[in-house]
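Colleague: Have a look; sequence and predicted model below, questions after that.
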Amino acid sequence: MIKTLRQAIFLRLTLFFVLGIIIQTQFNFYPYLLYIAALSLPLLFFSHFSKRILTYSRRWLFGTGLFLLCSSTGGIITHFNLKQSEWIEEGGYRSYMVQLIDEPVRKPQTWMCKVKTSDKITLIYLPVDSVSSSLTPSDWLIIKTHFEKTNQINYIKKGIGARAFVSKNNWRKIEPPSKKGFNLFFYSLKCRRIMLNQLKNILPDEKSFAVAAAISFGYSYEIDQETRQTFAATGTAHILAVSGLHFAIIYSILNFPFSFLGNKRRERIIKQLIILPLLWSFAFLTGSNKLP
């Protein structure tokens, strides 16, 4: 195990980063994390000159500096992600101008929409009708409702701090307040929707389409609870979310037809120049999994 950690530098960096996330999740050390990050920089700076200025016995400086930098960075990022989900309770009904930032998800009697209101991410539930059924990501709405703060951990991890039901007469679609030009994230969702419609024509069965959409494009909203439990029971639930495993499989598949190019340095560079853009194209079609 120790030998593996010594050889796999990126594994060590990942473990340091995860440690910072865990610590900040359990304890709020945010102000001190900034000082730790600042302390790590001079350690890394001096370790760069360790062979010329410092003795070999001080080689631990680089490892310590890297450990402190990665751990504090993970904690700082976690702090801001958790802060994003904080919601201050407000009394009564208020009007909000919100923008849809993901595909609306059909529930039994409502459409669940992830929206951005000012600098916060929330969930709203709209009654099913012809207007709500035509909503797409990037649409702007005026809503009048009362948001309730949510403490569910699965929402907090996604940066969602509150949710609300909006009655039929308390919302309307509006024109964008300003033209911000091209948005890559919304365009990727539009392209994914086109691909999903094509997939639905090929697989009219709802369950087959839901599983294929999750595996192929990371669209898991239409998977029912029974299917999720089936995959969980067999230990294969992870394939329903696009992850590094998918990219590794796709990379291996794409690497095979280009193996004829050889394994010299120049040939390897050519292969990467062909394969990496294709991987980025796949990431684009999965919606990039990042909020604008």
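Modeller: That came through fine.
Colleague: wait, isn't residue 155 in contact with residue 87?
Modeller: No: taking contacts as C-beta atoms under 8 Å, residue 155 lies outside contact range of residue 87: 10.4 Å. Every residue, glycine included, has its C-beta placed from N, CA and C.
Colleague: hey, what's in contact with both of the two?
Modeller: Residues within reach of residue 155 and of residue 87 at once, by C-beta atoms under 8 Å, 6 or more residues apart in numbering, are residue 161.
Colleague: The stretch 51-200 of the chain: strands as residue ranges?
Modeller: Shown for the stretch 51-200 of the chain, the strands assigned by DSSP state E, counting those that start in this stretch span residues 94-100, 105-106, 110-117, 120-127, 140-145, 148-149, 160-165, 171-174.
Colleague: which secondary element of the chain has the worst mean pLDDT?
Modeller: The least trusted helix or strand in the chain, going by mean pLDDT, DSSP states H and E, turns out to be helix 2-7, with a mean of 56.
Colleague: Can you name the element that comes right after that helix?
Modeller: helix 9-26 (DSSP states H and E).
Colleague: going on from that following helix, what's the next piece of helix or strand?
Modeller: Next along the chain from helix 9-26, counting by DSSP H and E, comes helix 30-48.
Colleague: and that following helix, how far from the chain's centre?
Modeller: Distance of helix 30-48 from the chain centroid (C-alpha atoms, centre = their mean, to the nearest Å) equals 28 Å.
Colleague: I'd like the mean pLDDT over that helix, please.
Modeller: What helix 30-48 shows for mean pLDDT is 81.
Colleague: Show me which positions of it end up buried.
Modeller: The neighbour-count check on helix 30-48 (16 or more other C-beta atoms under 10 Å) flags 30, 33, 36, 37, 40, 43, 47 as buried.
Colleague: How about stretch 209-224?
Modeller: Residues of stretch 209-224 classed as buried by neighbour count (16+ other C-beta under 10 Å): 209-214, 216-220, 222-223.
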